[in-house]
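**Q** Attaching a predicted model along with its sequence, questions to come.
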Amino acid sequence: MSMLIIEIDQLLQMLQLPMSNVGKLQAGRHRYWLLKYLEQHIGRKEEAIVLTKRRNNYQILLSAYMTECDLPVSSGVTLKPEDLIQVTIQNISARKDLLQVALG
């Protein structure tokens, strides 16, 4: 019985990396098609939640799409995590994995 457990553990270890790669591919595919859809909505205003502040930008979550992107720091505007904001979709390229937004 213990030999079977060892074999199962070895099999699980062998499958761990390939399954991790499958998850990354699925996430990348989902993001591509989401960005492809959003390419038709440049100029649209969306609700977002501030996640963190970095040196030159904020990391935000577009709540309607549950996807993250960066928001450049605007002069005179200070945001903090959990702030609910409105952003405008500025530029999108699904092929380049590019999603740019601006405050307002």
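**A** Okay, I see it.
**Q** C-alpha from now on. contacts and neighbour counts both.
**A** Will do.
**Q** Tell me the spacing between Gln59 and Thr67.
**A** Separation of Gln59 from Thr67 (C-alpha to C-alpha, to the nearest Å) stands at 10 Å.
**Q** Which residue is the nearest non-sequential neighbour of Gln90?
**A** Val101 (5.0 Å; C-alpha to C-alpha, 6 or more residues apart in numbering).
**Q** chain center to the lowest-mean-pLDDT helix or strand in the chain: distance?
**A** Within the chain, no helix or strand scores below helix 2-38, which has a mean of 83 by mean pLDDT, DSSP states H and E. How far helix 2-38 lies from its chain's middle: 18 Å, per C-alpha atoms, centre = their mean, to the nearest Å.
**Q** returning to what we had before: helix 2-38 and whatever helix or strand the residue nearest to Gln90 lives in, what's the angle between them?
**A** Element membership for Val101, per DSSP states H and E: strand 98-103. If you take axes from the mean of the first three to the mean of the last three C-alpha atoms, to 10 degrees, strand 98-103 sits at 60 degrees to helix 2-38.
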